[in-house]
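Colleague: okay, predicted coordinates and the sequence, questions at the end:
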Amino acid sequence: MYLKDLCEIHGASGNEEQVRTYIQEQLKSVDQPGQVDVLGNLFFERKGNGKSDKTILLLAHMDEVGLMVTNIQDDGLLAVSPVGGVDPRVLPGKRVWVGENNTPGVIGYKAIHLQKDDYKTIPNWEKIRVDIGVQKKEEAQKTVSLGDYVHFYSAFEEYENRYVGKALDDRGGCAILMALYRELPVLDYNVVFAFVVQEEIGLRGSGSTLKRYKPDAAIIVEGTTAGDNPELKKERWSTHLDNGPAISYLQSGYALDYRLFEAILAFANQKGIQYQLKGRTVGGTDGTRLAGSYFGVPCAGVNIPSRYIHSPVSVISKKDFENTKQLIADILTEEILLKALEVKV
Amino acid sequence: MKELIKKLAQVSAPSGRERKAHLAILEELEGFIDGHRFDNVGNLIVWKNGNGENKKKIIFDGHADEIGVVITHIDERGFLRIDPVGGVNPLMLLGVLMNFDGITGIVSYEAETDEDARKSLTQPSYDRLFVDIGATSHEDACKKVHIGQFGSYLSPFFDLDPMLVSKSMDDRVACAIVVQTIKETQHPYHDIYGVFAVQEEVGLLGAKVAAYDLHADIAIAVDVTAHTDTPKGNKRMDLQLGKGPAIKIKDKGSISDETIVRLLTTCAEENQIPFQYEVLVFGGTDAQGYQLTGAGIKAGTLSIPCRYVHSPHEMVHIQDVTNAVRLLKAVALKPNW
Amino acid sequence: MSLDTFALLKSLSAAYGPPGREREVRELFKEYVNGLVDEVYEDTSGNLIVKKYGQHKGTVFFSAHMDEVCFLVSKVLPEGFLRLEGIGVDPKLLPSQKVWIHTRSGKRLRGVIGMLAPHLQTEETRSKLNGFEDLFVDVSMSDFSEISVGDFVTFDNESFTVGDFFFGKSLDDRSCGVIIVKMLERLSALKHDFDVFAAFSSREEIGAFGARTASYELQPDIGIALDVTHAIDASPNYPKNEFGKGPAISVGAIPHRKISNLLIETAKQNGIPYQVEPSPSRTGTDGDQIQLETIATGVVSLPLRYMHTPYEQICVKDIEESARLLALFVSALKEGVV
């Protein structure tokens, strides 16, 4: 079961090596060792049987949000800065792993007894400090360096219909791609599986895909935000767990390709496949990068609804996970995307 | 020219749904171009070959998309929730008519208490807006519209000679200018590419890829710009309707290439076409996309001063428009620069 | 013949070069690299590209931007006053500044940004934060009929030195252009397997347009952005970069690990002082754009105080050490290093 392993591996943006190694080890074969480019993106190509020269790209990002050690204080405490969008409010009282040695640390917080006016102020980056159990800068420097990555401590947990873990955005997408790579038969056309880097700090890895491949269309598989909780009114949830794969039509910087969107909906409706449409249009994905780079690639988004992304504890529905994988598999085997692109304006 | 502007501006085609605008443009250009195609993300590219000995490849760009909204939710009683498509200030939508492929809706706001109402009217937020299409139930609404459906302003065209008013002068007036330029330039010196780009309003997406294979020498984006000639208009800028098209020097997206500024200035002066220079303290145009294409294309913007940009009723001066056509024609015909 | 660093800085600092209008600076750098490189040309984006060939075992690319922060005339008011739009400048710097307005016809006209004397101030105006909305330029001393909307405006351009320190405008980022020149001087005497490309780049201050397009065209194996960084307590969350301690080498997400390590190794092995600058996200330099072209990127920064002001401050010794580091780094590059 790839998902558990993937979620527990440490791989914040710029530090994806272990994630990549794991995926490459799991998927490689003698004639398909996988390609790695200079930024660390990983590609597996499943060539078609030759009937068509078209290429469909499946893409998920390997990186998660995390922290970086940006200063080591004289008292041995580490100042950190966010790698990707991390809300400092999720940090007080959490365990972390620091650097390549996986030095255990804790983000302590001033005891409630000692707080006065600051009881009412929210945590900020000036207050958040990682404690690795030393009292002096020199002690800290024995195991930790400036620029070291700090990852959330979060054991993966599986329940009857829930997975709980860190980095479900977007290891969920990676797990689906891995499963599809294993399960899909050879199709009439080529499929490229791209595991990309540095999405969380500005969609920085996906553009490189287009230096190697000229896909005719792409499906981005993200762990997309599910706001379904008592604090947010229903109309603004974006997605709801257990309502199926979430299909996007508009996101930051890109209105996803009309033809692909319509075709996927028509297909799902026709087959009675459960899906939901995203109810919010904030946030960007690698679709924006692919559609807006070089020659442009029309993209579709088929995503796993995920609660509490960008925190140590995310939650997804097992059913959604399976159904998202299945929908993508069906879209590919039924050639939905290629048929959609043939329609003349 | 007025009929052309009216035809293009009145089409409903927000970012991502530009097809109707493209079809209207192609209809107008039939017989006037040497070819057309749609690229991978849906940009419409038309071309007209030049006959000059030292001809260059010139892009004239007008973006085909307009701002709009998209339906994100249909509630139990048939009211719609929306998110913006492009930079639509939610305060601009209060009480406004929207058009969803022929279905009309009125935008209104939540007002559970007086405090609530005040908040809705002074603190813009899509969380507090909804659209009323007069549905009698959730089912009724679902028969008429669907989640993921894009809509635009519903707002007519007015001829207030010399001013013209319509929704989507941004950027259909530019599309009309490019179309008219091509129509009036039977024998251009240079190869002309008319690019009717998609998705400018959500992030200049189309312009980032449209020119990738064209190997153009220069690109001139045509777009609307702001105005300062109304009561207590912005005190720091200087843009007046009727003073001529504006040769843009800078906005927040790019600085026009010196070559383009000089070319436009020279053509304007040589042909006695009135113009003004523009420094815009916000905003961006497709020119930025062209400057970043591949190894870079020298690009700049020719602007049409416009009042009430991104509102349902945008106003331009007809002579600024006709002068822009004259200016672009002059560029298409100017042999050496 | 080695060019005097102080002389280079003085000329470059005084030169006129807003984003997209860098001609004067480009001409200077063209002069300075004469004899040090095999190829020099201006590309479509306005970058000055130089190439010094090695053994063609790979290519390493350096980028330092030519453009300076400045202003434009956004409105011409009657009786010799102007309104401004700024590029990268804090308006709090403007009261009592002398500026130059550069007209279409190529003239350089004097303007001053006045401020009401204390005698005429009121309680209310005394505590007002100046912004571009209320600031204006007085050009009554010049022939202001020549001035039009869109004319560029730059800080007065005198500079001075105190010991090893140089004070002047536009050291962001022309001081790093000087590092490239000094590095090329050193490379004349060193063997290097890699071909060395450099861009004195355009329009970094409005989005690194020059670096992006140059990277696309040149497609180097390695790309190093040279820019300035703050030599003053920037934040309690970051270490302080100091003068005289050498260049700051960025480590983190965008800088490629092998490149940062190689730079640090080179410094250690050769006794060159250096500082480490942790970088969790965007670097705010040409490097961000270089990386997007799928290039192993590095960022090396020169410590500087009072960034984006008329008197930026740098330590000339840091320039020399940076040039030494980069020349040795280049000569150590072997095929297949990334």
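Modeller: Received the coordinates, thanks.
Colleague: skipping its backbone neighbours, what lies nearest residue A:180 in space?
Modeller: Leaving aside its sequence neighbours, residue A:180 sits nearest to residue A:329 (CB to CB, 6 or more residues apart in numbering or on different chains; 6.0 Å). (C-beta placed from N, C-alpha, C; glycine too.)
Colleague: I'd assumed residue A:183 was in contact with that neighbour.
Modeller: Yes. Look at residue A:329 against residue A:183 with CB atoms under 8 Å: they come within range, at 6.9 Å.
Colleague: three-state assignment of the residue nearest to residue A:180?
Modeller: helix (DSSP: H, G, I helix; E, B strand; the rest coil).
Colleague: circling back to that earlier point, and residue A:329 and residue A:183? Which one has more around it.
Modeller: residue A:329 (16 against 10; other CB atoms under 10 Å in any protein chain shown).
Colleague: and the pLDDT for that one?
Modeller: pLDDT, residue A:329: 98.
Colleague: against chain C, how distant is it?
Modeller: 30 Å (CB to the nearest CB, to the nearest Å).
Colleague: just residue A:268 next, same as before
Modeller: On the measure of CB to the nearest CB, residue A:268 and chain C end up 35 Å apart.
Colleague: do you know how far that residue is from chain B?
Modeller: Using CB to the nearest CB, which is the criterion applied here, residue A:268 is 13 Å from chain B.
Colleague: same check on residue C:203?
Modeller: For residue C:203, the distance to chain B - CB to the nearest CB - is 7 Å.
Colleague: quick check: residues of the stretch 151-300 of chain A near chain B?
Modeller: Contact residues (CB under 8 Å from any CB of the partner chain) of the stretch 151-300 of chain A with chain B: A:233-236, A:249-250, A:252-258, A:261, A:265, A:277-282, A:288, A:291-298.
Colleague: contacting residues around residue 170?
Modeller: In the absence of a named chain, chain A is used. When contacts are counted by CB atoms under 8 Å, 6 or more residues apart in numbering or on different chains, residue A:170 touches A:60-64, A:199, A:221-223.
Colleague: let me rephrase: I mean chain C.
Modeller: Applying CB under 8 Å, 6+ apart, the residues near residue C:170 are C:12-13, C:15, C:17, C:68, C:312.
Colleague: surely residue B:192 is in a strand?
Modeller: Yes. If the criterion is three-state DSSP, then residue B:192 is within a strand.
Colleague: so how far is residue A:21 from the closest residue to it other than its chain neighbours?
Modeller: Of all residues not flanking residue B:192 in the chain, residue B:48 sits nearest, at 4.7 Å (CB to CB, 6+ apart). According to CB to CB, to the nearest Å, residue B:48 stands 54 Å off from residue A:21.
Colleague: mind checking which of these two has more residues around it?
Modeller: Neighbour count, other CB under 10 Å: between residue B:48 and residue A:21, residue B:48 has more, with 22 against 14.
Colleague: relative to residue A:328, how far out is the more buried one?
Modeller: Distance, residue B:48 to residue A:328, by CB to CB: 43 Å.
Colleague: what parts of chain C come near chain B?
Modeller: Close to chain B, as judged by CB under 8 Å from any CB, chain C has residues C:18-21, C:43-46, C:72-76, C:83-85, C:87, C:132-133, C:148-150, C:203, C:206-207, C:209-210, C:212-214, C:216-217.
Colleague: could you report the neighbour count for residue 231?
Modeller: With no chain named, the answer covers chain A. 5.
Colleague: meant chain C, my bad for not saying
Modeller: 25.
Colleague: and it, what's its pLDDT?
Modeller: At residue C:231, pLDDT is 94.
Colleague: what do you get for residue A:344?
Modeller: Taking residue A:344 on its own, its pLDDT is 66.
Colleague: cool, residue A:318 as well?
Modeller: 97.
Colleague: what of residue C:96?
Modeller: 92.
Colleague: with the one 4 residues further on instead?
Modeller: pLDDT for residue C:100: 97.
Colleague: can you give me phi and psi for residue B:245?
Modeller: Backbone torsions of residue B:245, given as degrees, to the nearest 10, read phi -60, psi 150.
Colleague: run through the residues that contact it.
Modeller: Neighbours of residue B:245 in contact, by CB under 8 Å, 6+ apart: B:273, B:275-276, B:302-305, B:320-321, B:323-324, B:327.
Colleague: that one and residue A:137: what is the separation?
Modeller: Taking CB to CB, one finds residue B:245 at 63 Å from residue A:137.
Colleague: likewise residue B:112?
Modeller: Counting by CB to CB, the gap from residue B:112 to residue A:137 is 56 Å.
Colleague: looking at those two, which is more packed in?
Modeller: Under the criterion of other CB under 10 Å, the comparison of residue B:112 against residue A:137 puts residue A:137 first, with 14 against 8.
Colleague: isn't that one up against residue A:76?
Modeller: Yes. Counting by CB under 8 Å, residue A:76 is a contact partner of residue A:137 at 6.0 Å.
Colleague: just for chain C, where's the confidence low?
Modeller: Applying pLDDT under 70 to chain C flags the ranges C:1.
Colleague: up against chain A, what does it have?
Modeller: C:221, C:236-239, C:251-254, C:256, C:260, C:276, C:278-282, C:288, C:291-292, C:294-296, C:338.
Colleague: report the buried members of these.
Modeller: C:221, C:237-239, C:251-254, C:256, C:260, C:276, C:278-281, C:288, C:291-292, C:294-296 (16 or more other CB atoms under 10 Å in any protein chain shown).
Colleague: okay, now the domains of chain B?
Modeller: If you go by automatic domain parsing, the domain ranges for chain B are B:2-66+B:167-333, B:68-153.
Colleague: regarding the closest residue to chain C within the stretch 201-345 of chain A, what is its secondary structure?
Modeller: Across the stretch 201-345 of chain A, the shortest distance to chain C (CB to the nearest CB) belongs to residue A:208, at 4.1 Å. Secondary structure, three-state DSSP: residue A:208 is helix.
Colleague: thought it was touching residue C:294?
Modeller: Yes. The criterion here is CB under 8 Å, and residue A:208 meets it with residue C:294 at 4.1 Å.
Colleague: which residues do the two both contact?
Modeller: Joint contacts of residue A:208 and residue C:294 (CB under 8 Å, 6+ apart) are A:37, A:39.
Colleague: go ahead and flag the most central residue of chain B.
Modeller: A centroid search over chain B (CA atoms, centre = their mean) returns residue B:171, at 1.7 Å, as the residue closest to the centre.
Colleague: what residues does chain B have near chain C?
Modeller: B:228, B:235-238, B:247, B:249-250, B:254-258, B:261, B:276-279, B:281, B:288, B:291-292, B:294-298.
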